[in-house]
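In: build me a model from this:
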Amino acid sequence: MKQNAAATKREITIDSDWITTAAMVVLLVTSGWIFIWEMRDLVSGNVAARESIADGLDGFLFFVFAFLFRPKYLKIALSMFGVGVEAAFVPGHPHASTHVQHAAATGGALLKQVALTIIFVAVIQWFRSVVHWNQFHEQGPDS
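Out: So this is what the prediction gives:
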């Protein structure tokens, strides 16, 4: 018996341009990193109300980005992330009590966790739709 007569090889093909693929890899890594960072803060009780104007603009930008994407799950995830950012931002300005600020920041952190999970799953589904494993048989020299 000759085992090398017909060797089986597997090849990975990606049905997307390299810029989109690289952007999705960056999004996957970034969303995973932010998820871990936010979860660490949430578990340790280290969530804080945001007070700078830049944080308020960040929340607004997430709402703008929500309208730029077509898939509904990304619109929902980006809107939830924007609400999470704004929920931590708004109580800091009317000088609410620290309990209200902490409750709003915790609620915002939970919304951001759900939004990051949706984004993470969406990127994984995108990779599953564009990455294909092709299997082909090579003919040996004796054939």
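In: rest of the way, CA atoms for contacts and neighbours
Out: Will do.
In: now the longest helix seen in the chain: mean pLDDT?
Out: Using DSSP state H, we find that the single longest helix of the chain is helix 98-130. Averaging pLDDT along helix 98-130 gives 85.
In: buried residues in it?
Out: Using 16 or more other Cα atoms under 10 Å as the test for burial, helix 98-130 gives 101-120, 122-123, 127.
In: helices along this protein, start to end?
Out: Under DSSP H, the chain gives helices at 18-44, 53-68, 72-89, 98-130.
In: ok, which of these comes nearest T8?
Out: Nearest to T8 among these is helix 98-130 (22.3 Å), distances taken as Cα to Cα.
In: I'd say H102 and L42 touch.
Out: No. H102 lies out of contact with L42 (Cα atoms under 8 Å); the separation is 10.9 Å.
In: G82 contacts L57, correct?
Out: No. The pair G82 / L57 is not scored as a contact, 9.6 Å apart, by Cα under 8 Å.
In: pLDDT weak spots in the protein?
Out: 1-7, 48-53, 55, 90-94, 136-143 (pLDDT under 70).
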